[in-house]
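Visitor: give me a model of this one.
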Amino acid sequence: MMTNDDLADLCYAKSLLESPSLAARISNAIGSPIEKGLSMLPEGANDIIIITTTRKALETTLDFAISTMNELPDRRG
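Guide: Alright, predicted model coming up:
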């Protein structure tokens, strides 16, 4: 049986899922004009920009992830 606390938690979770976060709203507001501008570029330029920015974002994310890893002990025995 669901308690009053469970119901309150469920209502709170529902409200979080139904309303976009501030970060999502800002990203949408900034991203829409950028996407519109990119769509006006010649086809090849648009592809190059997207590939370049995607690669840079992935490399930056990987560098950050690696920098936060703890060094593991040598397990060769």
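Visitor: switch to C-alpha atoms for all contacts and neighbour counts from now on
Guide: Will do.
Visitor: so where's this protein shaky on pLDDT?
Guide: 71-77 (pLDDT under 70).
Visitor: give me the residue at the spatial middle of it.
Guide: residue 24 (9.2 Å; Cα atoms, centre = their mean).
Visitor: please report the distance of that one from residue 69.
Guide: 28 Å (Cα to Cα, to the nearest Å).
Visitor: for the chain, what spans make up the helices?
Guide: Per DSSP state H, the chain carries helices over the ranges 4-18, 22-39, 43-67.
Visitor: any idea how far residue 67 is from residue 61?
Guide: 10 Å.
Visitor: correction: the previous question concerned residue 53.
Guide: Counting by Cα to Cα - residue 53 and residue 61 are separated by 12 Å.
Visitor: what residues of stretch 54-72 count as buried?
Guide: The neighbour-count criterion (16 or more other Cα atoms under 10 Å) identifies no buried residues in stretch 54-72.
Visitor: what does it rub up against?
Guide: Around stretch 54-72, nothing counts as a contact under Cα atoms under 8 Å, 6 or more residues apart in numbering.
Visitor: the same query, at a cut-off of 10 Å, please.
Guide: For stretch 54-72, contacts defined as Cα atoms under 10 Å, 6 or more residues apart in numbering pick out 48, 49, 50, 51, 53.
Visitor: the second one: what's it in contact with?
Guide: Meaning residue 49. So, once contact is read as Cα under 10 Å, 6+ apart, residue 49 ends up touching 38, 41, 55.
Visitor: of all these, which comes closest to residue 13?
Guide: Nearest to residue 13 among these is residue 55, at 34.3 Å by Cα to Cα.
Visitor: measure that closest one to residue 1 for me?
Guide: The gap separating residue 55 from residue 1 is 50 Å, by Cα to Cα.
Visitor: same check on residue 65?
Guide: 42 Å.
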